[in-house]
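Enquirer: Need the 3D shape of this:
(one chain, ligands or ions: 2)
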Amino acid sequence: MTAYELAAKEYASAGIDTEAAINCLKDIPISIHCWQGDDVVGLDGGGSLSGGIQTTGNYPGRARNFEELKADIKEAFSLMPGKKRLNLHASYAILNGEQVDRNAYRPEHFKPWVDFAKELGLEGIDFNPTMFSHKNVKDGLTLSSPDENIRKFWVDHCIACLKIAEYFADEFNSHCLVNIWIPDGFKDVPADRLTPRLRLKGSLDKILACGYDKNKVVVAVESKVFGIGVESYTVGSNEFYQNYAAKNDICCLLDNGHYHPLEYVSDKIPALLAFYDKLALHVTRGVRWDSDHVVLFEDELKEIAKEIVRNNAIDKVMIGLDYFDASINRLSAWVTGQRAMQKALLYALLIPHGKLRKLQDDSDFTELMVAQEEVKDMPFGAVWKEYLSREGLEEDYLSPIRAYEKNILKERK
Ligand code: RNT
Ligand code: ZN
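Expert: Ligands and ions are numbered 1, 2, ... in the order given. Model prediction:
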């Protein structure tokens, strides 16, 4: 018997069908962020990274242009199992020298990305207005700025993004998630916490009133607790966006780096599922702060995956990745995080949730604890390896990445 056959038998005796788990996993789409490849620099020359987010490290080989970024994405994606979507920021527009600002970007500026995503056989493209790294981020503010012209510029940018999103949805016959995140906030104690939020509310109202097609485009708002240099106050806080989303029938995006370190996004997922039929995630790994470390196969990631799987929310939760590490090989960072997400989903698919739920409902917390511990030493690794081989992949992704580094990345100075 192979290791997988033995594992399948052991899982079967615990009431788990490993074949069903593998078949389910391969169809769960993960939206992969383009910005791990170039340290969130973008291609539109908007300016150096701002907005209270930071990449640290100077590992050689950063993609410096569209061609290099495409080549790196192609190589990295070829080592990732499962269904993939591409998550683009507006700052990755292909302008080809045209003098056009972000408030006037058009679908054609993203056609090269559509062609590329089709070439890779991706399921779809997700999109993000880029309201940082740009001269119109005035005093750290965008959609909440007291300057009406600044607000208008970014409202127009978001509306342009919604049009581009409709184009993506049409091209792939798949929804496009448009995630609105702004860096707006203050370093020190504000004199007024309400008015900036009312201005943000007004800006969002204008964006949503543009008449986008809700069947094609899913709009989400991403809250945050603080950023570097904006420690004291964030306009787009969790309470603000959750209420805004609920009242305006849009979607919340939870980034698990955007809460206090002892708050768990895994617990927020079922709370929101009680009210929303769609929910989006930025899966990341914050170390002491929103540091955007590479996602690893860790406890909180497993809990996040469990909440998606055991609540039958695979079709409701849109999983996206959001991390950027410039201190290690960027392709390895990409693949490690994506595989960790897939591992966590597989792990969750191999848990006897029905049995555990019954123990909870019967208040048999003694057996529940024991049974949850037993899950941890089931032969998960053998099923993971089987899944990889069915996806035409090996466990070792570092060797091909090392070869790529030697042949391609080393040439980039
Ligand atoms: C910032 C947010 C945001 C960005 C990306 C680049 O804290 O997490 O999602 O990381 O949009
Ligand atoms: Zn995020």
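Enquirer: Quick check: chain neighbours aside, which residue is closest to the residue of the stretch 301-413 of the chain found nearest ligand 1?
Expert: Among all residues of the stretch 301-413 of the chain, residue 322 sits closest to ligand 1, at 4.9 Å; criterion: C-beta to the nearest ligand atom. For every residue, glycine as well, the C-beta is placed using N, CA and C. Nearest residue to residue 322 in three dimensions, chain neighbours excluded: residue 282, at 3.7 Å (C-beta to C-beta, 6 or more residues apart in numbering).
Enquirer: before we move on, what about residue 147?
Expert: Residue 147's closest residue in space is residue 138 (C-beta to C-beta, 6+ apart), at 5.8 Å.
Enquirer: Next to ligand 1, which bits of this protein? Give me the list.
Expert: 35, 40, 53, 128, 181, 222, 224, 255, 282, 290, 322 (C-beta under 6 Å from any ligand atom).
Enquirer: Show me what counts as buried in the lengthiest helix in the chain.
Expert: Longest helix in the chain by number of residues (criterion: DSSP state H): helix 148-172. Under the neighbour-count criterion of 16 or more other C-beta atoms under 10 Å, helix 148-172 has 150-162, 164-169, 171-172 buried.
Enquirer: what do you get for stretch 264-275?
Expert: 264-266, 268-269, 272-273.
Enquirer: Give me the contact list for it.
Expert: 242, 246, 252, 254-256, 259, 279, 281, 300, 303-304, 306-308, 311, 313, 316-317 (C-beta atoms under 8 Å, 6 or more residues apart in numbering).
Enquirer: distance between it and the chain's centre?
Expert: Centroid displacement of stretch 264-275 relative to its chain, using C-alpha atoms, centre = their mean, to the nearest Å, is 17 Å.
Enquirer: need the residues of the chain next to ligand 1 in a markdown table with pLDDT, can you?
Expert: Shown next, in a markdown table, are these (pLDDT from 0 to 100):
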| residue | pLDDT |
| --- | --- |
| 35 | 98 |
| 40 | 97 |
| 53 | 88 |
| 128 | 98 |
| 181 | 98 |
| 222 | 98 |
| 224 | 97 |
| 255 | 98 |
| 282 | 98 |
| 290 | 93 |
| 322 | 98 |
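Enquirer: Take the residues you listed and lay them out in CSV including secondary structure, distance to ligand 2 and neighbour count.
Expert: Listed next are the residues of the chain next to ligand 1 as CSV, based on DSSP: H, G, I helix; E, B strand; the rest coil; distance: C-beta to the ion, whole Å; neighbours: other C-beta atoms under 10 Å:
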residue, secondary structure, distance to ligand 2, neighbour count
35, helix, 10, 25
40, coil, 11, 22
53, coil, 8, 21
128, strand, 9, 27
181, coil, 6, 26
222, strand, 6, 21
224, coil, 8, 24
255, strand, 4, 22
282, strand, 3, 25
290, coil, 8, 24
322, coil, 4, 29
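Enquirer: And those, which is closest to residue 409?
Expert: Closest approach to residue 409 among these (C-beta to C-beta): residue 35, at 17.3 Å.
Enquirer: shouldn't that closest one be in contact with residue 90?
Expert: No: Residue 35 sits out of contact with residue 90 when judged by C-beta atoms under 8 Å, with a separation of 11.5 Å.
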